[in-house]
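J.: Provided below for reference: sequence and predicted model.
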Amino acid sequence: MTTILVTGATGQVGRRLVPRLIQWAAEGERLRVLVRSEASAERFTALGAEAVLGDLREESDRAKALQGVDDVVNVAAAFRGVPDEEALAVNRDAAVALGRQALEAGVRRFVQTSTNLVYGFGHGRPARAEDPLEPVPWGVYPRSKAEADAALDELRTGQGLPLVTVRLAFVYGEGDPHLRDAVGRSADWAAHQRLPMVHHADVAQALHRALRTPGIEGRIYHAADDAPVSAYDIHRLAGLALPPEAAGKQDPNPWMGVTDNLPLREELGWRPIYPSVWTARDAGAL
């Protein structure tokens, strides 16, 4: 029996990822989730997963969740609206501690979910895996993820953690309020300023391929669709008009958040089901 541990199962990514991983499980594979409430445990158990009650920030709970585990997919994240200390505790400290304990437990693959925001304001082209980590100075989330990525990579190079990292663009779809929230974030942007995006369905298949593809330890992949969406279109999707002054503004960082998804395509055979937000809209998958 092969056991795959997924953290962050109740989050926006995790709650959409876990049912897919259960559906895609090969014979002899089982999914385990680490959750903090009985209600969440019951929900995932009903789907066919094994649930362990605990908190990712607690060493003993991580050890309990890792017992007998073969692979780990860490999608846990404290995002907006939480104190900085909590974001650092979850996104950096708990992720690195989980990696260290997973290494000690002898896991064969540790998939870390990160963000395109670790690359800062761009390099005049799509960001590549070898580019330095210079997170945008917008809250603690990008910094916490960059610091976790760096520390986990040290565990890989120094101690052999079988790490694969997948950095996500702005995730949306399937009722996730993220896209609606983008209206407020983009209200003062230039009309043509772009937001790189990726649909939940495509995040799931990227993480699944990162989990399953042999011989890719140490690689970093970018999950992003093929057509970043403009501030104008973010408002259009919401049925709103962009403020008139947006037409005269210029985007100061036109490559910010844009990442190279070609390695994910060429090495893992990933193809976005929704190559643009418009494809998702037409499919009723927003």
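T.: Here it is on my side, so go on.

J.: Show me how far stretch 225-241 is from its chain's centre.
T.: Relative to its parent chain, stretch 225-241 has a centroid offset of 21 Å by Cα atoms, centre = their mean, to the nearest Å.

J.: Now it: buried residues?
T.: The neighbour-count check on stretch 225-241 (16 or more other Cβ atoms under 10 Å) flags D225, A227, P228, V229, S230, A231, Y232, D233, I234, H235, L237 as buried. C-beta: built from backbone N, CA, C; applies to glycine.

J.: Could you identify the most distant pair in those residues?
T.: D225 and H235 (18.9 Å; Cβ to Cβ).

J.: Just the closest of the buried residues of stretch 225-241 to N74, please.
T.: Distance to N74 across the buried residues of stretch 225-241 (Cβ to Cβ) is lowest for D225, with 22.7 Å.

J.: so who does the closest one touch?
T.: Applying Cβ atoms under 8 Å, 6 or more residues apart in numbering to D225 gives the contacts A169, P196, M197, V198, H199, D202, N261, P272, Y274, P275, S276, V277.

J.: In this structure the first one contacts H199, no?
T.: The one in question is A169. No: using Cβ atoms under 8 Å, A169 makes no contact with H199, being 9.8 Å away.

J.: Do a quick rundown of the helices in the stretch 101-250 of the chain.
T.: Using DSSP state H, counting those that start in this stretch, the helices found in the stretch 101-250 of the chain span residues 140-159, 178-185, 200-212, 231-237.

J.: Once you drop chain neighbours, what's closest to P135?
T.: P142 (3.5 Å; Cβ to Cβ, 6 or more residues apart in numbering).

J.: now swap in P275 and tell me
T.: Distances taken as Cβ to Cβ, 6+ apart put D226 closest to P275, at 4.3 Å, once the chain neighbours are dropped.

J.: For the one you found, give me its contacts.
T.: Applying Cβ under 8 Å, 6+ apart to D226 gives the contacts N261, P272, P275, S276.

J.: Distance check, Q23 against E217.
T.: 26 Å (Cβ to Cβ, to the nearest Å).

J.: Apologies, that question was intended for A204.
T.: A204 sits 21 Å away from E217, going by Cβ to Cβ.

J.: And these two? Which one has more around it.
T.: Per other Cβ atoms under 10 Å, whichever of A204 and E217 has more neighbours is A204, with 21 against 14.

J.: How much space separates that one from G248?
T.: As judged by Cβ to Cβ, A204 and G248 stand 40 Å apart.
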